[in-house]
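Colleague: Sequence plus the predicted model coming up.
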Amino acid sequence: MSSLLGGLNSLRNANIDEIHRGLFYSGLFELATGFERLMKIVLILDHQLKNHLKNPTNKELKAFGHDIKDLFKNCSVLPQAYGLRQELSLNDKQTKIVSTLTEFAKGSRYYNLDVLTNHNKNDDPISLWLSVIDDHIWSLRSDVRIKLQNDAIQVIDRSGMTSRWQQNVDGEWITMLDFYYLMSATEKANPHVVWSVIEILRPFYGLLRHQCHELHELYALQGKENEIPYMYEFFPFFLIPKSSALRNSGFGENKPIQDFKVSRYFY
């Protein structure tokens, strides 16, 4: 719960400027950790349901691995197996999110260190996440994107920085106009990215609820003391409505996203 909430909050507040770019790394780390642990909980409970309340052995638990994409695939067959209506499925944008988290968990989180040692075999996780953000920027209404572009042009014209260049968080050099537009568009798109993540997580609430209730009945039938907490109660934010997810405030806190101060970047 803490990992998922922390990851969602960090990625909502992350941006390409120097102050907020570190939140990309912390957000991806926490979200990847949360995804992996959530899905392993589901698979452990499924193992108990199918094996007379026995937990998997350490060897069986290790066999689950760390590949988030594979873990999601293994979890995705369970709703149908349980006779539930819900589905664990992904659209194109969500597939890219899961793939990025998978790459991050498997090794791209060491990208910066690997570059220093000349042994880099992974993609830059920030470049991968910027692609996720770009998908959601293009999903914004056209009038919103046009306004962001016009605002960026006005700001850069007033600042006299039209001919200046700025290094983006992924190392690419872009014009100050593109940098300011991307910074503003990222802020606008981030809540929609958060919503895409929540849509991925939402079915796990009902899945955990079904597993826990089934296991509670099995414990009662066998006269054993119930060892399974109501797991789904840790994740009420999976059920948050879209309107709440798109508001510019974090989960579990009342602080709005810090406004960007244009003068900070255009001295």
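Modeller: Thanks, I have it. Since this is a predicted model, take the numbers as computed values, not measurements. Residues are numbered from 1 along each chain as shown.
Colleague: quick one: Q166 is in a strand?
Modeller: Yes. Using DSSP: H, G, I helix; E, B strand; the rest coil, the assignment for Q166 is a strand.
Colleague: how many other residues sit next to it?
Modeller: Q166 has 20 neighbouring residues, counting by other Cβ atoms under 10 Å. To be clear about C-beta, it is placed using only N, CA and C from the backbone, and glycine gets the same treatment.
Colleague: i'd like the first residue to be 504 from this point on
Modeller: Right, with 504 as the first residue, what we last looked at is Q669.
Colleague: Once you drop chain neighbours, what's closest to it?
Modeller: Excluding the flanking residues, the one nearest Q669 by Cβ to Cβ, 6 or more residues apart in numbering is F682, at 4.1 Å.
Colleague: downstream neighbour of the helix or strand containing the one you found in the secondary structure list?
Modeller: Following DSSP states H and E, one finds F682 within helix 679-724. Next along the chain after helix 679-724, taking DSSP H and E as the criterion, comes helix 745-748.
Colleague: Contacts for that next one, please.
Modeller: 694, 697-698, 701 (Cβ atoms under 8 Å, 6 or more residues apart in numbering).
Colleague: Which one of the residues you listed is nearest to G568?
Modeller: Nearest to G568 out of the contacts of helix 745-748 is I701 (Cβ to Cβ; 24.8 Å).
Colleague: thinking L564 is in contact with R540, fair?
Modeller: No. L564 is beyond contact range of R540, at 11.8 Å (criterion: Cβ atoms under 8 Å).
Colleague: sorry, back to before: any idea how far the residue nearest to Q669 is from W668?
Modeller: 8 Å (Cβ to Cβ, to the nearest Å).
Colleague: Could you check how many residues crowd around the residue nearest to Q583 when sequence neighbours are not counted?
Modeller: Counting by Cβ to Cβ, 6+ apart, E590 is the residue found nearest to Q583 once chain neighbours are left out, at 7.8 Å. Applying other Cβ under 10 Å, we find 10 residues neighbouring E590.
Colleague: Likewise for S513?
Modeller: Count around S513 with other Cβ under 10 Å applied: 21.
Colleague: How about the one 10 residues further on?
Modeller: Using other Cβ under 10 Å, the number of residues around H523 comes to 19.
Colleague: and it, that one's in a helix?
Modeller: No. Counting by three-state DSSP, H523 is not found in a helix; it is coil.
Colleague: from memory it sits against N516, does it?
Modeller: Yes. Using Cβ under 8 Å, H523 is in contact with N516, at 6.2 Å.
Colleague: Who has more neighbours out of F682 and W668?
Modeller: Between F682 and W668, counting by other Cβ under 10 Å, F682 is the more crowded of the two (24 against 13).
Colleague: residue ranges for the helices of the stretch 554-703 of the chain, please.
Modeller: 561-566, 571-579, 581-585, 595-609, 614-619, 628-641, 645-662, 679-724 (DSSP state H, counting those that start in this stretch).
Colleague: and of those helices, who's closest to F532?
Modeller: Among the helices of the stretch 554-703 of the chain, if distance is taken as Cβ to Cβ, the winner is helix 595-609, at 7.3 Å.
Colleague: Just give me how far the closest one sits from the chain centre.
Modeller: Taking Cα atoms, centre = their mean, to the nearest Å, one finds the center of helix 595-609 at 9 Å from the center of the full chain.
Colleague: ok, the residue nearest to Q583 - contacts?
Modeller: 579, 582-583, 706.
Colleague: same thing with G510?
Modeller: G510 neighbours (Cβ under 8 Å, 6+ apart): 529-537.
Colleague: which element is it on?
Modeller: G510 belongs to helix 505-516, assigned by DSSP H and E.
Colleague: Counting neighbours, which bits of that helix end up buried?
Modeller: 506-516 (16 or more other Cβ atoms under 10 Å).
Colleague: with the residues you listed in mind, which one is nearest to P744?
Modeller: L511 (15.0 Å).
Colleague: Can you read off the pLDDT for N561?
Modeller: The model reports N561 with a pLDDT of 89.
Colleague: residues near it, how many?
Modeller: 8.
Colleague: Next, work out how far apart it and D573 are.
Modeller: 19 Å.
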